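Peer 1: fold the stuff below for me.
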Amino acid sequence: MEGINFYWPLIVLLIGTISVVLLIVSFRIHAFFALIISAILVGILGLPAIEGIDNAWVNAVENVMVELGKTAGSVSFVIAIAAVLGVALTESGAAERIVDRLMRIFGEKYAGIALLLAGFILSIPVFFDTVFFLLIPLAIALATKLKKNFLFYVMTMGCGAAITHSLVPPTPGPLVMADILSLNLAVSIIAGMLAGFLPAIVGYQYAKRLNVKMLISPPDFVKAENGGQPKELPSFGVSIMPILLPLLLIILGALLNVWYTDIEEKPLLPEAIEFLGNKNIAMLLGLVVALWLWAKQKGLSMKALGEDMQRPLELAGLIILITSAGGAFGAMIRATGIGDMINELSANGFSINLVIVAWLMAAIIKFAQGSSTVAVITTASIMAAILQSAGSLPFHPVYIYLAIGFGSMAFSWMNDSGFWIVVKLSGLKEKQGIRAWTIMLFFVSLAGFLQTLLLSYILPFN
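Peer 2: The predicted structure is shown next:
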């Protein structure tokens with residue numbers, strides 16, 4: 001168990017992780033190429049020690065390309081759907097209707113809760129920046145009308161959006177993370193939503209107290225990035241359907257699959273529901289509803305609708321490339337035998353809590369390079385490699401999933417595009433943004449981590 005050969009997988013893991021961070025932070029290389037280059041490096045360093053291959057360099061490159069394709073095939077369709085779905089909800093006025101209904105329910109007195117829930121709900125299918133663009137005019141209008149609470153409104157809506165952006169599929173980061181960790185998608189959705197409530201309360205309370213200490217006036221502009229809303233908004237029931245339909249189908253399909261596990265021939269109806277609950281089909285059905293609503297509200301022809309889908313699909317392509325590169329990087333890490341090393345260490349009495357490792361690793365990678373998506377994918381890939389051969393966990397692997405998600409929220413500062421979106425659209429200075437946004441998300445991340453760690457002991461579900 002002694003010597004460099006035993007610890008070589010860990011050394012390769014450290015080299016690979018440092019390579020990703022340095023290429024992105026110091027050399028300003030795009031995350032896609034940084035992950036691919038690092039994956040090849042890990043393959044060159046790690047594969048010969050495991051498989052004894054003659055031409056390690058060529059083998060490493062070919063393996064990276066194969067794993068790149070595997071990950072793309074697994075997640076690309078759903079990511080493309082999620083990108084178009086988010087734009088459809090915004091352009092059709094459905095997202096605005098959801099916010100409007102929440103505001104009516106809670107009223108001005110509880111507007112902070114309404115905005116928190118609006119961000120929490122909308123960020124499930126819609127990207128964080130789009131949600132913020134959508135909600136910031138409402139926060140400005142409310143604060144101008146009431147002459148108070150602007151910072152409170154901004155922080156609460158951003159808090160809700162940041163939590164589901166990091167924890168709940170089909171947002172790309174959590175979606176790919178669930179796939180890498182081989183978690184049931186329904187379990188990931190339910191766990192992410194439930195685990196987000198307590199940290200959301202922590203963020204809400206911090207924003208409430210900070211609002212008293214920092215008196216921030218709303219800027220004299222209202223930035224609407226949603227492309228212009230139709231005059232008449234759709235009904236709330238139809239507006240929420242593209243979000244609820246796929247979530248309910250995925251959860252129902254998973255429940256039926258568990259229920260009929262011991263039956264050799266399933267009845268026709270459960271098989272049909274299980275088919276509809278497949279993540280690809282469920283998301284496609286939600287997209288169909290959203291596209292129909294978009295076309296109906298804007299009076300678009302099929303040709304015009306197809307042209308308008310070009311922009312979100314281009315964005316989806318970039319995300320697919322990054323997530324696929326992350327999957328390839330993780331595969332190369334797994335090939336080093338890091339899981340076997342951890343397993344042997346555990347068998348010899350070396351105890352290490354993988355929930356703590358997952359949170360710390362995601363937080364460090366987020367701090368170093370700024371992207372929550374890159375932090376989630378990179379950490380999930382590394383943790384999957386560790387879990388693959390590390391023996392049985394004392395808790396359900398969903399706790400690793402949650403720890404990574406919360407870790408990716410820990411440090412949102414000047415190298416994070418989300419930080420600048422919040423600061424610039426809210427009219428905050430950089431120091432104010434760090435005091436408000438950065439610290440709030442750190443407390444949210446810490447609360448989520450402590451909650452996850454505690455639950456892994458109390459309710460292990462293993």
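Peer 1: measure stretch 428-448 end to end?
Peer 2: Terminal residues of stretch 428-448 are spaced 26 Å apart (Cα to Cα, to the nearest Å).
Peer 1: which residues does it contact?
Peer 2: 151, 154-155, 158-159, 162-163, 195-196, 198-200, 202-203, 206-207, 210, 214, 216, 359, 363, 402, 405-407, 409-414, 419, 422-423, 426 (Cβ atoms under 8 Å, 6 or more residues apart in numbering). Every residue, glycine included, has its C-beta placed from N, CA and C.
Peer 1: name the residues of that stretch that come out as buried.
Peer 2: By 16 or more other Cβ atoms under 10 Å, the buried positions in stretch 428-448 come out as 428, 432-434, 436-438, 440-448.
Peer 1: and it, how far out from the chain middle?
Peer 2: 18 Å (Cα atoms, centre = their mean, to the nearest Å).
Peer 1: do the same with stretch 199-213
Peer 2: The answer for stretch 199-213 is 23 Å, by Cα atoms, centre = their mean.
Peer 1: so which helix or strand of the chain has the lowest pLDDT on average?
Peer 2: helix 338-347 (a mean of 66; mean pLDDT, DSSP states H and E).
Peer 1: coming back round to it: hmm, which of the contacts of stretch 428-448 are the buried ones?
Peer 2: Buried among those by 16+ other Cβ under 10 Å: 151, 154-155, 158-159, 162-163, 195-196, 199-200, 202-203, 206-207, 210, 216, 359, 363, 402, 405-407, 409-413, 419, 422-423, 426.
Peer 1: from these, which land in helices?
Peer 2: Of those, the ones assigned to helices by DSSP state H are 151, 154-155, 158-159, 162-163, 195, 199-200, 202-203, 206-207, 210, 359, 363, 402, 405-407, 419, 422-423, 426.
Peer 1: name the SS class of His396, please.
Peer 2: coil (DSSP: H, G, I helix; E, B strand; the rest coil).
Peer 1: what's the closest non-adjacent residue to it?
Peer 2: If the residues on either side of it in the chain are set aside, His396 comes closest to Phe461, at 4.0 Å by Cβ to Cβ, 6 or more residues apart in numbering.
Peer 1: equivalent analysis for Leu255, please.
Peer 2: Ala186 (7.3 Å).
Peer 1: extract the CA atoms of the helix or strand hosting that neighbour and return them as PDB.
Peer 2: Ala186 is located in helix 185-195, with elements delineated by DSSP states H and E. The C-alpha trace of helix 185-195 is given here as PDB (Å, rounded to 0.1, in the frame of the first residue of the first chain):
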ATOM      1  CA  LEU A 185     -33.700  11.800 -12.500                       C
ATOM      2  CA  ALA A 186     -36.900  11.800 -10.400                       C
ATOM      3  CA  VAL A 187     -34.900  11.300  -7.200                       C
ATOM      4  CA  SER A 188     -32.600  14.200  -8.200                       C
ATOM      5  CA  ILE A 189     -35.500  16.500  -8.900                       C
ATOM      6  CA  ILE A 190     -37.300  15.700  -5.700                       C
ATOM      7  CA  ALA A 191     -34.200  15.800  -3.500                       C
ATOM      8  CA  GLY A 192     -33.000  19.100  -5.100                       C
ATOM      9  CA  MET A 193     -36.300  20.800  -4.500                       C
ATOM     10  CA  LEU A 194     -36.700  19.600  -1.000                       C
ATOM     11  CA  ALA A 195     -33.100  20.300   0.000                       C
END
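Peer 1: gap between the helix or strand hosting Leu10 and the chain center?
Peer 2: For Leu10, the element it lies in under DSSP H and E is helix 4-25. Relative to its parent chain, helix 4-25 has a centroid offset of 24 Å by Cα atoms, centre = their mean.
Peer 1: got the buried residues for it?
Peer 2: In helix 4-25, counting by 16+ other Cβ under 10 Å, buried: Trp8, Pro9, Val12, Leu13, Gly16, Thr17, Ser19, Val20, Val21, Leu23, Ile24.
Peer 1: now do the contacts for the last one.
Peer 2: With contact taken as Cβ under 8 Å, 6+ apart, Ile24 is in contact with His30, Ala31, Ala34, Ala368, Gln369, Val374.
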